[in-house]
Structure formats: structure tokens, C-alpha cells
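Trainee: task: produce atomic coordinates for the following.
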Amino acid sequence: MKALILAAGKGSRLGDITETIPKPMIKYKGKPILEHNIMLCKKFGVTDLYINTSHLANIIQEYFKNGEKWGVKITYSYEEELLGTSGAINNFRNSFSEVDFFVIYGDNFSEINLLELKKMKEDKKAIAAIAFHYREDVSMSGVAEFDKDNKVTMFIEKPKPGTTTSNWVNAGIYFLDSKIIYKIPSGFSDFAKDIFPQLMKENLPIYGICDSKDVLAFDTPELLKKNI
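Mentor: Numbers count the residues shown, from 1 in each chain. Now for the predicted structure:
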């Protein structure tokens, strides 16, 4: 099985911290966050990995090399200008054109069961299955609403108070049908803001798994201090 692990972001909200280290290489429990994501993939049999890079890309590549040490195979791309969470696929288009694949945000930590996500997508014959986790304060997050069958009916980015009763936040882990690559334009694009809303407009089904496991983000100095 294949996965794209997103690792190109600079993490500018972390200020000086990411001037000398890529955000996905910040250590959690003694290992880079990106390493935890690689091992999550390995745990569930996802060993053909594709990692996009940009900011301080050499640090990531010198650490992981070809992935052999972790029992995986890693192929890299370099983005001179950031392509976004979905635009990043364009540099690996041929690799994902005939097989369904995972997308994992490499700067978050989670222990979500990837195979449950795969099963949901296949059982529902969906174009995408998305992992969600519970969060009390969703004001700075992207949340979704669902029908009784867990089909996504709406995405709401950074909802204002009273606009939704949902506390289910995008965990940044997807299992996608290979056909989705034909929905991704050239240049910059984002799954949550561009691709998923467009798929829903076309009545292409997206389902969610709502998982009680925590997803740790390290986006700001406050979150970094809290989670480290």
C-alpha cells in the first residue's frame, strides 16, 4: 500500500523554532513527528511512501534517506513553491494513478487505525474516507457534519459559535480513490478548502470515521509546549 506524507510546510507560526528545523522533524517522545507517522504506516502495512519537502528539505532526506532503516521505501519530491495538501500529489501523479492511497499530514501525531479508514472507503464505495477526532474547541479547526451513515454532508472551516454542533475535527489522514488525482488542478490546492467541497458538489461520496484517539498538533508555541 502507498501513502503520501505531507512534510513541506515551514511552520511559520512556531517562529524561531522552525528556522533551523522543519516542523515535521520536531521531536515528540524522543523521535521526529514524521518518524512517528512513518512507523504508523509501517504498522498497518503501508510501506511505499512518498514525502513532499520544501523548507530545509535536506534535513528530512538526510535523516530518513531511502527509508530502509524503517522497513519502508521512501520517494521524495521538492517544492520550490508550496503546492498545498492536495497539489502535492501532482509531483507523484504517475505513482497514484492506478492505486488507492493514504494521505497523512506529517506534522501531526496520531495512532489512528489506517485499515479501518481503508475499509470504510471500500465498504461505502466512496471516493474518499477521512479520519476525524473529537475536540471541544473547534474555532480554529475544520469540522464536518455527517448523516446517520457517517457520510459527510458539510465541511465548515473555523466555524463561528453557533454555526455547528459538530466537534469532529479533520485529523489530516485520508484514504483516497486513485480517480481523485484527476480532480486535482495544477498548481496550489488544498483538500479541505478546494477538493473535498468540489467532490461533494459533484455528489461523489465522502465518508468519515470518528475516532476517539487524540490527534496532537504542534502548530503554535503554546500547542508545542502543551503536547511536548
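Trainee: what values do phi and psi take at S77?
Mentor: Phi and psi for S77, reported as degrees, to the nearest 10, are phi -130, psi 160.
Trainee: can you pull the pLDDT of it?
Mentor: Listed pLDDT for S77 reads 98.
Trainee: what do you get for K225?
Mentor: pLDDT at K225 comes out at 69.
Trainee: in three-state terms, label the residue of the chain most remote from its centre for me.
Mentor: In terms of distance from the mean C-alpha position of the chain, G162 ranks first, at 27.2 Å (Cα atoms, centre = their mean). With DSSP: H, G, I helix; E, B strand; the rest coil as the basis, the three-state label of G162 is coil.
Trainee: what of E222?
Mentor: helix.
Trainee: enumerate every residue touching it.
Mentor: By Cβ atoms under 8 Å, 6 or more residues apart in numbering, no residues touch E222. From N, CA and C alone the C-beta is placed, and that goes for glycine too.
Trainee: so how far is F109 from it?
Mentor: As for E222, its distance to F109 is 16 Å (criterion: Cβ to Cβ, to the nearest Å).
Trainee: same question for T165.
Mentor: T165 is 27 Å from F109, where distance means Cβ to Cβ.
Trainee: between these two, which has more neighbouring residues?
Mentor: Legend: neighbour count by other Cβ atoms under 10 Å for T165 and F109, higher for F109 (21 against 8).
Trainee: now that one, nearest residue through space, not along the chain?
Mentor: L216 (4.2 Å; Cβ to Cβ, 6 or more residues apart in numbering).
Trainee: who's in contact with the one you found?
Mentor: Residues in contact with L216, defined by Cβ under 8 Å, 6+ apart, are Y28, N108, F109, S110, N227.
Trainee: of those residues, just say which sits nearest to V46.
Mentor: Within the contacts of L216, the smallest distance to V46 is 14.0 Å, found for S110 (Cβ to Cβ).
Trainee: contacting residues for the closest one?
Mentor: Contacts of S110 by Cβ under 8 Å, 6+ apart are L40, A131, H133, A171, I173, K213, D214, V215, L216.
Trainee: need phi/psi at the fifth one.
Mentor: So that's I173. phi -130, psi 120.
Trainee: that one touches E111, doesn't it?
Mentor: No. In this structure, I173 is not within contact of E111 by Cβ atoms under 8 Å, at 10.6 Å.
Trainee: these two: who's more crowded?
Mentor: Per other Cβ under 10 Å, whichever of I173 and E111 has more neighbours is I173, with 26 against 11.
Trainee: how near is the more buried one to L40?
Mentor: 9 Å.
Trainee: coming back round to it: which of the contacts of S110 fall in helices?
Mentor: By the criterion of DSSP state H, membership of the contacts of S110 in helices covers L40.
Trainee: which stretches of this structure form strands?
Mentor: Here the chain has its strands, by DSSP state E, at 2-6, 27-28, 31-32, 48-53, 73-78, 101-105, 128-134, 142-146, 152-157, 168-176, 206-211.
Trainee: mind putting these into TSV with distance to S12?
Mentor: Below are the strands of the chain laid out as TSV (distance: least, Cβ to Cβ, whole Å):
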stretch	distance to S12
strand 2-6	16
strand 27-28	19
strand 31-32	19
strand 48-53	16
strand 73-78	19
strand 101-105	16
strand 128-134	24
strand 142-146	19
strand 152-157	19
strand 168-176	18
strand 206-211	29
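Trainee: which non-adjacent residue is nearest M140?
Mentor: Per Cβ to Cβ, 6+ apart, closest to M140 is K158, 5.9 Å.
Trainee: contacts only, for the one you found.
Mentor: Counting by Cβ under 8 Å, 6+ apart, K158 touches S139, M140, S141, G142.
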